[in-house]
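> how would this look folded up:
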Amino acid sequence: MQDNGSLRLFRRGPAAEVRLVILVLAALALLITDARWQTLEPLRRAVSVGIYPFQRLVLAPRDAVSHVQYWIDGAAIARTEKEALQRQRIELAQIATHAAQLSTENEQLRRLLNVAGTVTQPSVAVEVLYEPANRYTRHLVFNKGESSGIRPGMPIIDEGGIVGQVVRVTPYTAEAAMLTDEAVSIPVQVMRNGLRLIAFGAGASGKVEVRYLTEDVDLEEGDVLITSGVGGVFPAGLSVASVDRIDHDTASGFAVGVATPLSHPERYRHFLVLLVENTFGAPGDAEGGVQ
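This next block holds a predicted model:
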């Protein structure tokens with residue numbers, strides 16, 4: 001006869017409170033054992049090694065975001081530092097250029113002071129404001145005028161010699177025609193033999209010409225022309241130009257001496273205006289002035 005045993009619908013076992021107490025006691029025992037004798041250290045190491053790949057996998061998104069952010073920050077920092085270095089390089093270049101310019105101007109001013117000590121006339125130091133844009137004339141405008149005692153006809157010099165002559169003044173500015181301007185003529189003499197001549201500006205060529213020379217004139221290449229003092233506008237003994245060549249014209253029978261000015265108005269910003277009392281070498285004077 002078949003034994004129809006009854007089905008067990010509920011599995012019976014220890015109560016939950018009992019299992020909780022057992023687990024708590026086991027945990028305390030493990031804590032005490034680990035704290036006193038370190039016997040669970042190998043187990044801890046093995047568990048740590050086992051779960052390490054899962055830790056790296058979980059932290060991978062965070063690490064990727066950190067690397068991208070670090071790269072972006074590094075690129076921004078590098079760009080900022082590059083711009084700062086570029087700006088610093090430009091500033092240093094400007095400072096060096098300005099220092100070199102100041103050094104050059106100081107040297108030129110010292111030379112002007114030495115020149116001022118060699119001339120007997122009182123003088124006024126002037127600075128170039130601008131050069132008028134005119135292809136037919138060579139003029140400069142200075143930062144001092146009638147209020148500083150400057151009058152039309154007064155000569156302008158630098159350490160090289162004659163630069164030009166004042167042609168127009170206002171209370172606070174003065175305009176001067178350069179030595180090479182076609183309207184300027186200066187009484188000169190040859191330093192070597194004392195021969196008196198008149199030098200004219202040659203205009204765009206940037207030269208000075210001694211015109212209407214006879215074929216037998218005693219003028220040679222390399223001769224230095226200085227102011228003769230004739231006319232009373234330009235003091236005697238100031239350097240004017242050095243003769244480059246003598247051009248002979250067989251048709252007219254005259255020769256022209258071409259000379260290079262010894263002054264350098266295109267290089268410097270500061271000059272001296274000689275406050276000569278006799279300035280009748282103003283426009284209209286045929287000998288020693290602006291024609």
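> Show me what the helix or strand hosting residue 91 is packed up against.
Using DSSP states H and E, residue 91 maps to helix 41-118. Packed against helix 41-118 by the contact rule (3 or more Cβ pairs under 8 Å, 6 or more residues apart in numbering; DSSP states H and E) you find strand 123-130, strand 155-158, strand 270-274. Just so you know, the C-beta spots here come from the backbone N, C-alpha and C atoms, and that holds for glycine as well.
> report the angle between the axes of that helix and strand 270-274?
Taking axes from the mean of the first three to the mean of the last three Cα atoms, to 10 degrees, one finds helix 41-118 and strand 270-274 inclined to each other by 20 degrees.
> what's the average pLDDT for helix 41-118?
Taken as a whole, helix 41-118 has an average pLDDT of 76.
> any idea how far residue 188 is from residue 31?
Between residue 31 and residue 188 the computed distance is 115 Å (Cβ to Cβ, to the nearest Å).
> neighbour-wise, which of those two wins?
Legend: neighbour count by other Cβ atoms under 10 Å for residue 31 and residue 188, higher for residue 188 (28 against 11).
> Give the helix, strand or coil label for the more buried one.
Following DSSP: H, G, I helix; E, B strand; the rest coil, residue 188 is assigned to strand.
> how much space is there between residue 149 and residue 141?
17 Å.
> So for these two, which residue has more residues nearby?
The neighbour comparison of residue 149 against residue 141 (other Cβ under 10 Å) goes to residue 141, with 17 against 14.
> since we're on residue 175, how many residues are nearby?
Neighbours of residue 175 under the rule other Cβ under 10 Å: 18.
> Flag the shaky bits of the stretch 101-250 of the chain, pLDDT-wise.
Residue ranges of the stretch 101-250 of the chain with pLDDT under 70: 101-106, 108-120.
> just the strands in it please.
Shown for the stretch 101-250 of the chain, the strands assigned by DSSP state E, counting those that start in this stretch span residues 123-130, 139-142, 155-158, 161-169, 174-178, 184-190, 196-201, 208-213, 224-227, 239-249.
> one step back: of the helices and strands packed on helix 41-118, flag the one that's most buried.
strand 155-158 (a mean of 25; mean count of other Cβ atoms under 10 Å).
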